[in-house]
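Novice: Provided below are the primary sequence and the corresponding predicted coordinates.
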Amino acid sequence: IRSLAVRRGRNAKLAEEGVRQSSSFTEQEALQGKLIDAVADSPAEIFKTFDGRTAKRFDGSSLVLNLHDPILEPFNMTSWQKFLFYIVDPDVAFLLAALGLILLYVEFTHPGMVAPGVAGAISLVLALFAFHLLPVNVTGVVLILTALVLFVLEVKTPTHGVLLAGGMVAMVLGALMLINTPWPEARIHLSTALAVVIPMVTIGLILTRLALAARRAKATTGIAGMIDLVGVAETDLEPDGKVLVHGEIWAARAKDRVPKGARVRVCEVNGLTLEVEPEVHSV
């Protein structure tokens, strides 16, 4: 890069920064830094500016540019080039990355679905390809990863929205800082960041409410689900005997004698034996 820049009379240091560090420059910065020869607003102005100038070729020979009456021949992009140009757009790349991460999270939490994992992997690879060509800011990446961690922690250990709010702020700031360029139109727009963050926060709130509801809900299956069930004594409990609970006959034990046919309530489960007590009817 440096040798090519020197041979062309360019600023070797800035040229190297542009390649190695993905540095971006405005047209005036590039002009003042001797990275370009001129700034033109239209093809006609380009022809007027460079007409008659001498251009030096790589083989050392010189050529005088004759642009007085140029013939314009358009070169259209192929379908593949149009596709690559589309996904390199910062907004599209950010959406692909967010979609890929969400789909991979769904696949990891619901193994065997396959489709979300495949689609998520493809989206993430396309996003990484785009970010490889864009001037990415490390601070933006760290903020986005922090936001994802906060979202997951909110679902796993609900904090009534504290972590979710922090994740939302970190995600928006990370998106706005992700692309390091002096041109605002070449960065991720606020509307795009909100279009990603709002659905993620909504999903996070729903998952948090479901997690809280599951924790508060009374168990209805397994041993824990037997507690407080009402059954009928199949034999006299003196104190051991048999009871019918939930359509099944269980060995049971009561502190006091319970006659056959009496209604009992399960208060504890010890292995395969139910600890029961007479049901007290409230009037």
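Specialist: Noted; the coordinates are in hand. Since the model is a prediction, treat every value here as computed from it, not as a measurement. Numbers count the residues shown, from 1 in each chain.
Novice: would you map the strands across this structure?
Specialist: 54-56, 62-64, 230-233, 240-245, 248-254, 263-270, 273-278 (DSSP state E).
Novice: Lys13: which of those is closest?
Specialist: Across the strands of the chain, Lys13 has its closest neighbour in strand 54-56 (20.9 Å, Cβ to Cβ). For every residue, glycine as well, the C-beta is placed using N, CA and C.
Novice: what's near enough to touch Tyr129?
Specialist: Residue 129: Phe, not Tyr. Ile87 (Cβ atoms under 8 Å, 6 or more residues apart in numbering).
Novice: same check on Phe85?
Specialist: So Phe85 contacts Met77 (Cβ under 8 Å, 6+ apart).
Novice: got it, and Leu4?
Specialist: By Cβ under 8 Å, 6+ apart, the contact set of Leu4 is 10, 15.
Novice: okay if I get the strands of the chain as a markdown table plus distance to Leu124 and mean neighbour count?
Specialist: Listed next are the strands of the chain as a markdown table, based on distance: least, Cβ to Cβ, whole Å; neighbours: other Cβ atoms under 10 Å:
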| stretch | distance to Leu124 | mean neighbour count |
| --- | --- | --- |
| strand 54-56 | 44 | 11 |
| strand 62-64 | 47 | 9 |
| strand 230-233 | 54 | 18 |
| strand 240-245 | 51 | 18 |
| strand 248-254 | 50 | 17 |
| strand 263-270 | 47 | 16 |
| strand 273-278 | 52 | 19 |
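Novice: could you dump those strands to JSON lines with mean pLDDT and distance to Thr78?
Specialist: Output for the strands of the chain, formatted as JSON lines (pLDDT from 0 to 100; distance: least, Cβ to Cβ, whole Å):
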{"stretch": "strand 54-56", "mean pLDDT": "81", "distance to Thr78": "28"}
{"stretch": "strand 62-64", "mean pLDDT": "86", "distance to Thr78": "29"}
{"stretch": "strand 230-233", "mean pLDDT": "93", "distance to Thr78": "74"}
{"stretch": "strand 240-245", "mean pLDDT": "94", "distance to Thr78": "73"}
{"stretch": "strand 248-254", "mean pLDDT": "92", "distance to Thr78": "70"}
{"stretch": "strand 263-270", "mean pLDDT": "91", "distance to Thr78": "70"}
{"stretch": "strand 273-278", "mean pLDDT": "92", "distance to Thr78": "75"}
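Novice: where does pLDDT dip in the stretch 151-283 of the chain?
Specialist: Within the stretch 151-283 of the chain, the stretches with pLDDT under 70 are 158, 211, 214-224, 281-283.
Novice: if you set the cut-off to 80 instead, what comes out?
Specialist: 154-161, 181-185, 203-205, 207-225, 280-283 (pLDDT under 80).
Novice: now the helices for it?
Specialist: Secondary structure of the stretch 151-283 of the chain (DSSP state H, counting those that start in this stretch): helices at 162-178, 190-216.
Novice: highest mean neighbour count out of those helices?
Specialist: Comparing the helices of the stretch 151-283 of the chain by mean neighbour count (mean count of other Cβ atoms under 10 Å), helix 162-178 comes out on top with a mean of 20.
Novice: next, the angle from that one to helix 190-216.
Specialist: Here the directions of helix 162-178 and helix 190-216 differ by 160 degrees (axes from the mean of the first three to the mean of the last three Cα atoms, to 10 degrees).
Novice: just put the helices of the stretch 151-283 of the chain in CSV and tack on distance to Asn11.
Specialist: Putting the helices of the stretch 151-283 of the chain into CSV (distance: least, Cβ to Cβ, whole Å) gives the following:
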stretch, distance to Asn11
helix 162-178, 27
helix 190-216, 34
